[in-house]
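Chemist: Here is the input, now give the coordinates:
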Amino acid sequence: MNQNDINANQINESGSNVTSPFGDPTLIGSGIEAGFENVVVKLLHNAGVEIAASHSVADGSYSFPSQADGVYTLLFEAPDRFDFSATTPNNEHFSNSDPEPAPGNPQTARISINIAGGDITTGTNVGLRPLTQFTINTADLNPDPNLSQAAIESGKPTFDPFGDCAYDGTNSEGETDFKANPPTAGSDCYHFDNWVRSNDLETYTFSITATNHPDLNGNGLLDVEDEISNAVLEIILKPIDNGKGKPETKFETNDITGVPVGCLGTNEGVNPVSSISTDVATGNKILICNLGNMDNSARILPISVKATGNSPHGSSFNIEARIISAINDAQPSAVFNGLETFVSAAPRFDLTKGPHPTYDAVNNPIPNPYNRIVQYAAFVTKDIGNGPELGKAIRWDFLLLQEQEITEAWDH
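Modeler: You can find the predicted model right below:
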């Protein structure tokens with residue numbers, strides 16, 4: 001049979017998802033190695049004369065009319081965007097690849113067979129690998145070898161809000177280098193470490209490439225038809241159960257599209273459209289980000305994630321990412337594994353009681369002389385290390401004697 005050897009490992013994995021846990025079933029059919037349809041197969045006499053030609057069907061199989069006993073050669077022609085994954089025979093794919101042909105001529109492979117008693121069943125597999133190769137890495141935002149994850153920005157200013165972060169010299173960029181681990185709850189000491197405050201963004205700036213495009217028309221140029229369409233960045237955002245409780249995580253998205261900026265969606269001519277789903281069993285968030293066409297230039301794409309305010313201090317998460325082809329016509333990238341990131345979390349507001357800011361008298365008279373109002377205010381204050389700042393005041397008016405309670409709230 002002819003098989004799409006998506007990962008080009010020269011192993012017959014028909015029916016398996018070789019990109020798991022990416023691709024299928026989140027992206028139905030992506031990553032599944034299967035038979036290759038419409039591959040041209042020719043039967044040659046031992047002298048090289050073509051006797052018959054056939055095309056493989058959906059499961060990759062092909063057939064010829066019965067032939068006289070003797071030695072024959074099967075010649076396979078690789079479809080556009082593919083060549084043969086084995087250049088010499090091995091245990092999985094029995095094919096010898098001819099030298100690379102000139103543009104416009106198909107790559108071919110030959111298998112010698114011996115027909116005896118009219119039986120032409122070969123029991124061999126021909127693996128066809130995609131030519132184009134995806135890669136994914138992070139753009140180096142802060143190239144300091146001393147930092148744990150210099151290409152990932154974990155948090156935004158203000159840093160060291162309590163003034164108790166420990167530092168150790170300066171890094172190669174001349175910036176103060178944070179070494180303390182962990183920070184005080186609710187603090188963040190540096191923007192290139194593996195701690196991030198709850199509700200703060202951690203940003204991965206990915207560099208995505210597609211190389212070794214086919215030259216389909218032989219003009220020596222990379223034309224639109226040579227590009228890979230529907231290149232998909234799939235990211236799994238994974239809360240980790242490290243004994244501190246799982247964080248509540250989410251992707252930062254565009255308010256209109258519901259997916260990160262740069263991910264194509266409805267009415268943008270792509271299939272599949274970009275989406276975010278949740279695996280209920282694990283709590284993993286899964287981003288399908290369709291990048292559209294990929295040429296041979298690097299695509300720079302920032303993707304931000306966060307742990308919400310419902311995340312416990314010391315809980316952690318990470319991501320896994322991969323570039324795959326929606327229709328299996330490019331070799332998938334290796335898996336990008338983000339480092340485990342820990343959540344720095346503490347209550348950001350304090351609740352205090354005091355006199356109401358407008359009414360300075362505790363027993364404030366009202367028109368009815370038999371009723372008196374006792375007024376207090378509960379202040380929700382924000383403490384960021386520089387003393388409390390007024391947030392919201394909530395007034396309780398207790399009507400004495402009548403045993404009634406009125407609650408009123410307003411912002412300051």
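Chemist: Poorly predicted segments of the stretch 251-400 of the chain, please.
Modeler: Within the stretch 251-400 of the chain, the segments meeting pLDDT under 70 span 348-400.
Chemist: just so I have it, where are all the strands in it?
Modeler: Counting by DSSP state E, counting those that start in this stretch, the stretch 251-400 of the chain has strands at residues 275-278, 285-294, 299-307, 316-325, 336-337, 341-344, 349-354, 363-365, 372-383, 388-399.
Chemist: Check which helices and strands the fifth one is in contact with.
Modeler: In this structure, strand 336-337 packs against strand 133-138, strand 316-325, with contacts taken as 3 or more Cβ pairs under 8 Å, 6 or more residues apart in numbering; DSSP states H and E. Bear in mind the C-beta positions are built from the backbone N, C-alpha and C, glycine included.
Chemist: Please apply the same query to the fourth one.
Modeler: For strand 316-325, the packing partners by 3+ Cβ pairs under 8 Å, 6+ apart come out as strand 133-138, strand 201-211, strand 228-240, strand 299-307, strand 336-337, strand 341-344.
Chemist: highest average neighbour count across the helices and strands packed on strand 336-337?
Modeler: strand 316-325 (a mean of 23; mean count of other Cβ atoms under 10 Å).
Chemist: what about the residue nearest the centre of the chain, distance to Ser20?
Modeler: Centroid-nearest residue in the chain, with Cα atoms, centre = their mean: Ile235, separated by 1.7 Å. Look at Ile235 and Ser20: by Cβ to Cβ, to the nearest Å, they are 15 Å apart.
Chemist: Kindly report the same for Ala330.
Modeler: Using Cβ to Cβ, one gets 17 Å for the distance from Ala330 to Ser20.
Chemist: Look at the two and report which has more neighbours.
Modeler: Neighbour count, other Cβ atoms under 10 Å: between Ala330 and Ser20, Ala330 has more, with 26 against 11.
Chemist: burial of the closest residue to Val71 other than its chain neighbours, as a residue count?
Modeler: In space, Val71 comes closest to Asn46 once its chain neighbours are excluded; the distance is 4.6 Å by Cβ to Cβ, 6 or more residues apart in numbering. Residues lying near Asn46 (other Cβ under 10 Å) number 11.
Chemist: got a markdown table for the helices and strands packed on strand 316-325, with distance to Ser16 too?
Modeler: Shown next, in a markdown table, are the helices and strands packed on strand 316-325 (distance: least, Cβ to Cβ, whole Å):
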| stretch | distance to Ser16 |
| --- | --- |
| strand 133-138 | 19 |
| strand 201-211 | 24 |
| strand 228-240 | 17 |
| strand 299-307 | 28 |
| strand 336-337 | 22 |
| strand 341-344 | 32 |
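Chemist: Deepest in the core, which of these is it.
Modeler: Scoring the helices and strands packed on strand 316-325 by mean neighbour count under mean count of other Cβ under 10 Å gives strand 341-344 as the most buried, with a mean of 25.
Chemist: Could you export that one as CSV, CA atoms only?
Modeler: The C-alpha atoms that make up strand 341-344 are tabulated as CSV, following Å, rounded to 0.1, in the frame of the first residue of the first chain:
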residue,chain,number,x,y,z
THR,A,341,5.2,28.6,35.6
PHE,A,342,4.2,29.3,39.2
VAL,A,343,1.4,31.6,40.3
SER,A,344,2.1,34.4,42.8
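Chemist: For that strand, which outside residues touch it?
Modeler: Strand 341-344 is contacted by residues 154, 182-188, 194-198, 202, 247, 307, 311-318 when judged by Cβ atoms under 8 Å, 6 or more residues apart in numbering.
Chemist: One more: stretch 130-139?
Modeler: Surrounding stretch 130-139, the residues in contact under the criterion Cβ under 8 Å, 6+ apart are 4, 6, 8, 81-83, 151-152, 204-214, 228, 231, 233, 294, 300, 321-325, 328-334, 336.
Chemist: for the record, mean pLDDT for it?
Modeler: Taken as a whole, stretch 130-139 has an average pLDDT of 90.
Chemist: Now for the residue nearest to Ile276 when sequence neighbours are not counted: which residues touch it?
Modeler: Leaving out its chain neighbours, the residue that sits closest to Ile276 by Cβ to Cβ, 6+ apart is Leu287, at 5.3 Å. Leu287 is in contact with 233-237, 251, 259-260, 263, 274-276, 303, counting by Cβ under 8 Å, 6+ apart.
Chemist: For the stretch 1-150 of the chain, just list every one of the strands.
Modeler: Using DSSP E, counting those that start in this stretch, the strands of the stretch 1-150 of the chain run over 2-4, 40-45, 50-55, 70-77, 82-84, 96-97, 108-115, 126-130, 133-138.
Chemist: can you redo the ones you listed as JSON lines with distance to Pro25?
Modeler: Below are those laid out as JSON lines (distance: least, Cβ to Cβ, whole Å):
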{"stretch": "strand 2-4", "distance to Pro25": "18"}
{"stretch": "strand 40-45", "distance to Pro25": "32"}
{"stretch": "strand 50-55", "distance to Pro25": "30"}
{"stretch": "strand 70-77", "distance to Pro25": "31"}
{"stretch": "strand 82-84", "distance to Pro25": "25"}
{"stretch": "strand 96-97", "distance to Pro25": "33"}
{"stretch": "strand 108-115", "distance to Pro25": "32"}
{"stretch": "strand 126-130", "distance to Pro25": "21"}
{"stretch": "strand 133-138", "distance to Pro25": "20"}
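Chemist: and those strands, which one is worst for confidence?
Modeler: Per-stretch mean pLDDT for these is lowest at strand 96-97 (a mean of 40).
Chemist: partners of the residue nearest to the centre of the chain in the sheet?
Modeler: Under DSSP bridges, the beta-bridge partners of Ile235 are Leu287, Ala321.
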